[in-house]
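>>> A predicted structure for the sequence below; I have some questions about it.
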Amino acid sequence: MTPVIDVTDLEVTLGASRILRGIDLTVTNGEVVALLGANGSGKSTLVRTIVGILTPSAGSVSLLGTPLTGDVPWQRIGYVPQRVSAQSGVPSTAREVVGSGLLYGRRLRLPRDWKSRADEALETVGLLDRATFATSELSGGQQQRVLIARALARRPDVMILDEPVAGVDQPSQEAFAATMTRLVEQGLTVLVVLHELGALAPLVTRAVVLRHGRIVHDGAPPRAALDHAGQDHDHVHPHEPMVPLYAPQTDLGFDNASGHQS
Ligand SMILES: Nc1ncnc2c1ncn2[C@@H]1O[C@H](COP(=O)(O)OP(=O)(O)OP(=O)(O)O)[C@@H](O)[C@H]1O
């Protein structure tokens, strides 16, 4: 089967620094892969390279079987960048920002049904009632959901999300996880940068951990986080509500990521 994302021996240099080296990553149809790692380990650099924003200094990236240098079917790929505002500096409504997700590659004209496509995506993220609001009237968390809706408007086959729930409150995170669950059940493939698995824990099929620009783990998601996400987990000990996925002082910290016994 053709991989959805195929990264081979990737190296990325920014300025004078080599940020990523020797990255091999294959994501196949229907997988939900969490990309984890400490601040500065290279997660955003990797996803920005995968979606063609950054150019590799060595190695290759293919999306849906097409090298980035070729004719990538961008309409099948939804990307949510990290920490950008949904505001563009000019007045625009939530619906207009979401509709702009329907522009890609050489498509510079909105399809006739753009409003209904945008509203469908806004409904998916629970913001249909804000469709005509100016983005400047939305909270940071709502703007983040607008950006998720912008990516969803394409009805993509693969979503690449860079910390999509950073700064989003718990109920919205759970609503986002429910949306992603529904989409994954329909066949969506996901690569998502996260600091904690959080509400997405039940969905994640695989974890890839970066450290200093290299992959140091590619396999099962951290056990502790999964256990803590389960409804049956018996809380007999105090701990943070969101279990950190990596403990910088340990190697990978997977068996005891939160630093306590379960
Ligand atoms: N344009 C740039 N020029 C030079 N170095 C850069 C540039 N952008 C990022 N870096 C460096 O690359 C490294 C990786 O950054 P990146 O944003 O990919 O990390 P990250 O794992 O996504 O971090 P975070 O969890 O904080 O978002 C950092 O050391 C950063 O300082």
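Cool, the structure landed. Residues are numbered from 1 along each chain as shown.

>>> Now do the same for the residue lying closest to Leu194 once chain neighbours are set aside: helix, strand or coil?
Spatially, and ignoring its direct neighbours in sequence, Leu194 is nearest to Ala34 (5.1 Å; Cβ to Cβ, 6 or more residues apart in numbering). All C-beta spots, glycine's among them, are computed from the backbone N, C-alpha and C. When classified by DSSP: H, G, I helix; E, B strand; the rest coil, Ala34 comes out as strand.

>>> Name the surrounding residues that touch the helix or strand hosting Ser116.
Assessed by DSSP states H and E, Ser116 sits inside helix 114-124. With contact meaning Cβ atoms under 8 Å, 6 or more residues apart in numbering, helix 114-124 is reached by 94-96, 98-99, 101-102, 111, 128, 130-131, 146, 149-150, 152-153, 155, 179.

>>> Just the buried residues of those residues.
94-96, 98-99, 101-102, 128, 130-131, 146, 149-150, 152-153, 179 (16 or more other Cβ atoms under 10 Å).

>>> Where does confidence bottom out across those?
When the buried ones among the contacts of helix 114-124 are compared by pLDDT, Thr179 scores lowest at 85.

>>> which helices and strands sit right next to the helix or strand where that residue lies?
Per DSSP H and E, Thr179 falls inside helix 170-185. Helix 170-185 sits against helix 140-152, with contacts defined as 3 or more Cβ pairs under 8 Å, 6 or more residues apart in numbering; DSSP states H and E.

>>> Off-centre distance for the helix it packs on?
Relative to the chain's own centre, helix 140-152 is displaced by 12 Å; criterion: Cα atoms, centre = their mean, to the nearest Å.

>>> quick one: stretch 7-21 to chain centroid distance?
20 Å.

>>> do stretch 124-131 as well
Averaging C-alpha positions (Cα atoms, centre = their mean) puts stretch 124-131 20 Å from its chain's average.

>>> Pull up the distance across it, start to finish.
12 Å (Cα to Cα, to the nearest Å).

>>> Now do stretch 96-103: everything it contacts.
78, 86, 88, 109-111, 114-115, 117-118, 121-122, 135, 146-147, 149-154.

>>> quick one on the thing from earlier: sheet partners, orientation included, of the next helix or strand after the helix holding Thr179?
Sequence-wise, the next helix or strand downstream of helix 170-185 (DSSP H and E) is strand 189-193. Next to strand 189-193 in the sheet, as set by DSSP bridges, lie strand 32-37 (parallel), strand 158-162 (parallel).

>>> quick one: which of those is nearest the ligand?
Nearest to the ligand, of all the strands paired with strand 189-193, is strand 32-37, at 5.3 Å by Cβ to the nearest ligand atom.

>>> Helices of the stretch 1-150 of the chain, start to end?
With DSSP state H, counting those that start in this stretch, the ranges of helices along the stretch 1-150 of the chain come out as 43-50, 94-99, 114-124, 140-152.

>>> For the residue nearest the centre of the chain, name its beta-bridge partners.
Nearest to the mean C-alpha position of the chain, by Cα atoms, centre = their mean, lies Leu161 at 1.8 Å. Beta-bridge pairing for Leu161 (DSSP bridges): Val80, Val192.

>>> isn't it right next to Leu188, touching?
No - when contacts are counted by Cβ atoms under 8 Å, Leu161 is not listed as touching Leu188 (11.1 Å).

>>> The helices of the stretch 1-150 of the chain: which one's closest to Glu196?
Nearest of those to Glu196, taken as Cβ to Cβ: helix 43-50 at 13.3 Å.

>>> So for the closest one, mean pLDDT?
Averaging pLDDT along helix 43-50 yields 96.

>>> List only buried entries from the contacts of stretch 96-103.
Buried residues within the contacts of stretch 96-103, counting neighbours by 16+ other Cβ under 10 Å: 78, 86, 114, 117-118, 121-122, 135, 146-147, 149-154.

>>> List just the nearest of these to Glu11.
Distance to Glu11 across the buried ones among the contacts of stretch 96-103 (Cβ to Cβ) is lowest for Gly78, with 26.3 Å.

>>> No further queries at this time; thank you.
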